[in-house]
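Asker: Using only what follows, build the 3D model:
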Amino acid sequence: MTRGLRLRVVLFLAASLIAGCAAKPPPGPTIPPAPPPLKATVVQASFEAAANVNPDSNGRASPVVVHFFELKSPAAFEGADFFSLFEREKETLGADLVAREELLLTPGGKQQLERRLDPATRYVAVIAAFRDLDRAKWRAYVEAPLSKVTPVVVRLQSREVSMSIPQK
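Answerer: Presented below is the predicted three-dimensional model:
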């Protein structure tokens, strides 16, 4: 190779190298936008005790203790007896239990409970400590709609507790 040709080849390679460095880099992988944050799940529970709630042996109404639960699943709740849920809820419900709160309702009384639910909560449930458990309907639960504010009505009649989500 002649000296002039070598010089041209070297200059061509140098120019190619400089041009390659100035070129745009190839596009990288596109990162999808982050999903919008989930809205909080809130339950606004209205507890309503009838005037004749929890009657004693003489038919007089009595206060009743209510436990309000946040649950991942209702399976263990449905299968447990009253005293296991009332006295040993952590052992009885295990990983299904997210949180618990206790309330006392007097005959004819009303209470409000607003809870921002844990993200793991899928159900809310209650048990009522009626005097006559053998003849009582002492447990109820509903599914908690996710990412919304949901009103829940908890009614305590004579020996029965019920839960419902009012239809709009």
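Asker: Doesn't G94 lie inside a strand?
Answerer: No. Secondary structure of G94 (DSSP: H, G, I helix; E, B strand; the rest coil): helix, not part of a strand.
Asker: Am I right that it is in contact with A76?
Answerer: Yes. G94 is in contact with A76 according to CB atoms under 8 Å; the separation is 6.4 Å. C-beta here means a position set from N, CA and C on the backbone, and glycine is covered the same way.
Asker: Looking at those two, which one has more neighbours?
Answerer: Of the pair G94 and A76, A76 is the one with more neighbours under other CB atoms under 10 Å, namely 18 against 10.
Asker: Now do the contacts for that one.
Answerer: Taking CB atoms under 8 Å, 6 or more residues apart in numbering as the criterion, A76 is in contact with 92-94, 96.
Asker: follow-up on the earlier one: between G94 and A76, which contacts overlap?
Answerer: Shared contacts of G94 and A76 (CB under 8 Å, 6+ apart): none.
Asker: Show me the beta-bridge partners of Q112.
Answerer: S46 (DSSP bridges).
Asker: which residues touch it?
Answerer: By CB under 8 Å, 6+ apart, the residues touching Q112 are 44-47.
Asker: What subset of those is buried?
Answerer: 45, 47 (16 or more other CB atoms under 10 Å).
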